[in-house]
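Colleague: Provided below for reference: sequence and predicted model.
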Amino acid sequence: MNDTLQSIWNFVAKVWGAELFGDGTVTIGGILMIVFLFAIVIVAERLLQRLIIRRFLSKTRLQNSLQYGLSRIFGYILIAIGFYIAFQIAGFDLSSLAIVAASLGVGVGFGLQNIINNFVSGIIILAERPISIGDRIDVAGVAGRVTKIQLRSTTVVTNDNITMIVPNADFISNTVTNWSHGDPKVRIRVPIGVAYGTDLKLLQNLLLESAVEHPKTLKNPPPLVMFTEFGDNSLNFELAVWTEEMTATPIHFTSQMNFIIEKKLRNNDIEIPFPQRDLHVRSGLSKSINEPCV
């Protein structure tokens with residue numbers, strides 16, 4: 001029995017110390033050890049990050065987005081330090097890998113340009129905070145609410161509950177519309193066209209009443225009716241109302257406002273015209289065209 005156990009132990013020791021490459025510096029046992037230590041580092045980073053957010057940063061007056069950014073940066077630093085210590089414990093001589101790392105550096109640098117660009121952009125976003133978690137943004141044709149900011153990409157959820165993964169470089173290279181930055185109040189303009197001859201004073205009162213009826217309209221600043229132009233087929237107005245719904249459901253707000261306005265105008269017999277064209281037929285034109293040339 002002892003001989004069997006000794007044989008198994010000798011076999012495990014032989015496999016554990018089997019060299020993969022290098023002068024005895026990289027072995028199967030070393031690889032298994034480094035994987036185990038990496039797992040411990042990642043688990044420890046997750047636990048410490050949650051501990052810092054809940055017990056330390058949550059007690060400060062920092063914004064939630066800044067707390068999240070600081071915790072992410074702390075996590076990456078902790079992982080880098082933990083990996084370095086893991087290499088030392090496993091017995092890897094990092095100096096022996098310097099030549100290999102240098103030779104791969106050039107190729108990796110060219111191959112990972114976009115990733116590095118997004119990584120640096122993520123650091124800039126976390127430092128300057130042009131966007132924060134919970135903000136409603138519009139960038140590169142993507143509109144929605146920011147739910148997660150990582151060093152490589154940012155997660156944006158649209159009004160249709162579609163998750164969009166936006167590279168961080170897009171936030172640096174493109175113009176970003178942030179509806180929630182600083183002050184969430186925005187002014188939404190609702191266009192309305194009415195027929196010529198409409199009582200404009202009555203129209204103004206009806207539009208202001210429509211704005212007040214909407215539960216999401218802010219009373220301060222007050223709504224405003226603006227006469228924009230004399231159109232070809234209608235008198236064109238804009239109802240400008242202030243709201244904070246641009247951070248949540250801007251399309252629903254505009255739709256509900258249109259329903260209220262349409263009902264008000266219909267109940268007061270105010271016409272919303274459609275495009276019209278007057279056709280004038282000149283007499284004698286067809287005769288002159290059909291007459292034979294003499």
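Modeller: Looks like it came in fine.

Colleague: list the contacts for S234?
Modeller: 193-196, 272-273 (Cβ atoms under 8 Å, 6 or more residues apart in numbering). The way it works is simple: take the backbone N, C-alpha and C, and place the C-beta from them, glycine included.

Colleague: Swap in 10 Å and give it another go.
Modeller: Listed by Cβ atoms under 10 Å, 6 or more residues apart in numbering, the contact partners of S234 are 192-196, 198, 271-276.

Colleague: Dihedrals phi and psi, it?
Modeller: Dihedral pair for S234: phi -160, psi 160, per degrees, to the nearest 10.

Colleague: Can I get the buried part of the contacts of S234 as one PyMOL selection?
Modeller: Per 16 or more other Cβ atoms under 10 Å, the buried members of the contacts of S234 correspond to this PyMOL selection:
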select buried, resi 192+193+194+198
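
Colleague: which one of the contacts of S234 is nearest E262?
Modeller: Closest approach between these and E262, by Cβ to Cβ: I272, at 7.6 Å.

Colleague: Assess the claim that that closest one and L265 are in contact.
Modeller: Yes: if you go by Cβ atoms under 10 Å, I272 and L265 touch, sitting 6.3 Å apart.

Colleague: Now, the contacts of S234 that are in strands?
Modeller: Counted as lying in strands by DSSP state E, out of the contacts of S234, are 192-194.

Colleague: Pull up the per-residue confidence for I272.
Modeller: pLDDT for I272: 87.

Colleague: Overlap of the contact sets of I272 and L265?
Modeller: Residues touching both I272 and L265 (Cβ under 10 Å, 6+ apart) are 192, 194, 198.

Colleague: For the residue nearest to the first one when sequence neighbours are not counted, give me phi and psi.
Modeller: In space, and not counting its chain neighbours, I192 is closest to F237: 4.8 Å by Cβ to Cβ, 6 or more residues apart in numbering. The phi and psi torsions at F237 (degrees, to the nearest 10) take the values phi -130, psi 170.

Colleague: Which residues does F237 form beta bridges with?
Modeller: I192, F227 (DSSP bridges).
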